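Engineer: structure for the following, please:
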Amino acid sequence: MNNQRIGLLVAGVLLGAVAAPSAHAIDVTAGQWTLSFDGNVNANYIYSNCQDHNDVAGGLACVSDTTSDNSSSVSNGLLPAALTISGATTQDGQNLGFTFGLYPGISTNDGGSPNLQDIANTDLGHTALGTAGLDVRQVFLTWGSSWGTIMAGRNIGLFGADAILNDMTLLGVGAGNGDYAAPANTSLGSIGLGYIYTDWLSQINYTTPDMGGAKVTVGIFDPLNTLGQTPANHSTPGFQGKIAYTAGPLYLSASALYQQQRVLCGDLAAGACALGSPAGSYVSYGSSAVDLGGKYDIGGLEVMGWYYTGKGVGTTGLFVNSNDALGTARNSNGFIAQVTYKMGNTKVGVNYGQSNLDGTSVDLATACTTPVGIVVGCLVRRNDKWSLGLYQNVTTNLLFVAEFSRLQSESDADQQNTSWNLNAGLFLKF
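Structural biologist: Sure thing, here's the model as predicted:
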């Protein structure tokens, strides 16, 4: 799976952790409720140089079609456009709220499922009579008081959230060549290139009140199946937790997840299950991961970094390439490091990220060879990226963005794909 077909998404409503143009929501009071409207519109010109051969299965360096190694597009960046509608009120001493997050893009919807299009349609390209798509990522309620806050509904996950929300390319493009499935409409930024995508998940969680700068969140989550495998029933939910600490310019956090994963025998190679296993038989393993990191701001100079490690969580997205052909969980890890400096209305920055996936003995023995022994399409071992960025506040609400990113993907057989892309665009926050 390459970056052109992974519909990975991130929220504009959660931009408090990054240097977006300052903006205020549009507030309307109606009876006991205060309604707020905010969002963004963005567009980028993206020029990409891609290789004309794909040697790395799961690599994120872009691969060209048969007509050209270079591509031009006008597309969204890591964030699609957004319109969020929130409401808040206090009743009987209880704080209540709701949020609907609507995320349209500007790329043409070529058909199929919103985030994973029908493969039969992915080669159509953007043609006449197209239209953009709408992605509904957030639908949740909140209930809180002095004892803390409960959030119930669909919202951003806990594991991996801080890494992406502090990635400078969140307001730009990072990794991306503009060939995006719609209505996902987004580039990768540094997803799969330093952190695993946190995703938008159905959940019920509880956050403690502030305890001397620290807050703890724990929750149960609708379990995810492994991408590309037959969905299986789960007898238990997924679990995620996070602790965050703020002290002036210092911010630290750590998060974790656990989920029991099931893979049906029909999705595995011969020998994974006993001969004659009844229909519905499966192989199971526990998926677990942790991440930790932080950031520190010294007079406009900000340094940040996050590291993750996991087993059975895969790479790039949750449970993508998480097990081998016999149902054995793969180990993975990665990190992102970033330095930015803000001078008045101008911010410049550089970041580097790396995501690693450890092949199992089955992967190393069989995944890379054809019947004639030619090594092709071996499983990705590492995806990494450098990004340089310039972010200029033109006005209070309008941001100009320019970035250069270089990507490299490496397989278990030391094969490599390399690509780079330039982008320039505008980001309007309201």
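Engineer: what about dumping the CA coordinates of the helix or strand of the chain with the lowest mean pLDDT to PDB?
Structural biologist: In the chain, no helix or strand scores lower on mean pLDDT, DSSP states H and E than helix 361-366, which sits at a mean of 80. C-alpha atoms of helix 361-366 as PDB (Å, rounded to 0.1, in the frame of the first residue of the first chain):
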ATOM      1  CA  SER A 361      11.200 -15.200   9.900                       C
ATOM      2  CA  VAL A 362       8.300 -16.000   7.600                       C
ATOM      3  CA  ASP A 363       8.600 -12.600   6.000                       C
ATOM      4  CA  LEU A 364      12.300 -12.900   5.500                       C
ATOM      5  CA  ALA A 365      12.100 -16.400   4.100                       C
ATOM      6  CA  THR A 366       9.200 -16.100   1.600                       C
END
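Engineer: what pairs with the following helix or strand past that helix, and is each one parallel or antiparallel?
Structural biologist: Once helix 361-366 ends, the next helix or strand along the chain (criterion: DSSP states H and E) is strand 378-393. Paired strands of strand 378-393, with direction, are strand 56-57 (parallel), strand 346-358 (antiparallel), strand 398-411 (antiparallel) (DSSP bridges).
Engineer: turn these into TSV, including mean neighbour count.
Structural biologist: For glycine as for every other residue, the C-beta is placed from the backbone atoms N, C-alpha and C. Below are the strands paired with strand 378-393 laid out as TSV (neighbours: other Cβ atoms under 10 Å):
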stretch	mean neighbour count
strand 56-57	23
strand 346-358	20
strand 398-411	22
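Engineer: going by mean pLDDT, which of the ones you listed comes out lowest?
Structural biologist: Among these, strand 56-57 carries the lowest mean pLDDT, at a mean of 88.
Engineer: now it, how far from the chain's geometric center?
Structural biologist: Relative to its chain's centre, strand 56-57 lies at 20 Å (Cα atoms, centre = their mean, to the nearest Å).
Engineer: ditto for stretch 165-179
Structural biologist: Worked out by Cα atoms, centre = their mean, stretch 165-179 lies 10 Å from the chain centre.
Engineer: quick one: mean pLDDT for it?
Structural biologist: The model assigns stretch 165-179 a mean pLDDT of 91.
Engineer: likewise for stretch 39-48?
Structural biologist: On average, stretch 39-48 scores 94.
Engineer: rewinding a little: tell me which of the strands paired with strand 378-393 sits nearest to Thr84.
Structural biologist: strand 398-411 (18.1 Å; Cβ to Cβ).
Engineer: so which strand or helix has Ser36?
Structural biologist: strand 33-49.
Engineer: in that strand, which residues are buried?
Structural biologist: Of the residues in strand 33-49, 34-36, 38-42, 44, 46, 48-49 count as buried by neighbour count, 16 or more other Cβ atoms under 10 Å.
Engineer: before we move on, what about stretch 256-268?
Structural biologist: Under 16+ other Cβ under 10 Å, the buried positions of stretch 256-268 are 256-265, 267-268.
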